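>>> Here's a sequence, model it:
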Amino acid sequence: MALMGDSIDNIPGAKGIGEKGARELIKRFGSAESALKHAAEVEGKRYREALENSREAVLLSKQLAIIDTAAPVKLVLNDLAIREPDVEALRVLYSELGFTSCCAIFLCVHGGRCRKRFRGAGIASCAQEIFEVTSARCGSGALAHARSRRARD
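Model prediction:
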């Protein structure tokens, strides 16, 4: 992850190194840090220059990709109890984050404000309807469109 990055999680990686290149470099050098240390030994000009020019980004990416298992998370079991969601707070949050499909499905299932055509439908039919509407607007590449939009944001 440190070498190739991940646009969904905003992990920059080294520009010009993808999954295949990252795999080759890790296999050869054992770690991202070792690949950086031995960048001059890399035969391929593109990978060598990417390592030399992206040192800080690779180190930051490694730090971002590691899950901190020692994070001080206070766990209160009662906080995990199942209860009715705060529909209005979630509507506002989903709207702010641009989760329009999630918002529509959630509101339909929980009786909130949503388009008439979704009212009273189950989650599966809401999801199917939203997918069809999205596909009609974006063409057959609706999922690819959504992913590329998310990567830009």
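
>>> contacts, neighbours, all on C-alpha from now
OK.

>>> dump the residue contacts of Ala50.
14-17 (C-alpha atoms under 8 Å, 6 or more residues apart in numbering).

>>> That one: helix or strand, and which one exactly?
Secondary-structure assignment from DSSP states H and E places Ala50 in helix 45-53.

>>> what's the helix or strand that that helix is followed by packed up against?
Next helix or strand after helix 45-53 toward the C-terminus (DSSP H and E): helix 55-65. Packing partners of helix 55-65 (3 or more C-alpha pairs under 8 Å, 6 or more residues apart in numbering; DSSP states H and E): helix 32-37.

>>> Tell me the buried residues in the helix it packs on?
32-33, 35-36 (16 or more other C-alpha atoms under 10 Å).

>>> which residues touch it?
By C-alpha under 8 Å, 6+ apart, helix 32-37 touches 2-3, 25-26, 29, 51-52, 55, 58-59, 62.

>>> Any chance of CSV for these, columns distance to Ala40 and neighbour count?
Below are the contacts of helix 32-37 laid out as CSV (distance: C-alpha to C-alpha, whole Å; neighbours: other C-alpha atoms under 10 Å):
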residue, distance to Ala40, neighbour count
Ala2, 18, 23
Leu3, 16, 33
Leu25, 12, 21
Ile26, 15, 15
Phe29, 12, 16
Leu51, 9, 27
Glu52, 8, 17
Arg55, 13, 20
Val58, 16, 26
Leu59, 17, 18
Lys62, 20, 19
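
>>> Same list, these, but as a markdown table with distance to Pro85 and pLDDT please.
Formatted as a markdown table, the contacts of helix 32-37 follow (distance: C-alpha to C-alpha, whole Å; pLDDT from 0 to 100):
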| residue | distance to Pro85 | pLDDT |
| --- | --- | --- |
| Ala2 | 37 | 91 |
| Leu3 | 40 | 93 |
| Leu25 | 47 | 95 |
| Ile26 | 44 | 94 |
| Phe29 | 49 | 96 |
| Leu51 | 47 | 94 |
| Glu52 | 49 | 94 |
| Arg55 | 44 | 93 |
| Val58 | 40 | 94 |
| Leu59 | 40 | 94 |
| Lys62 | 36 | 93 |
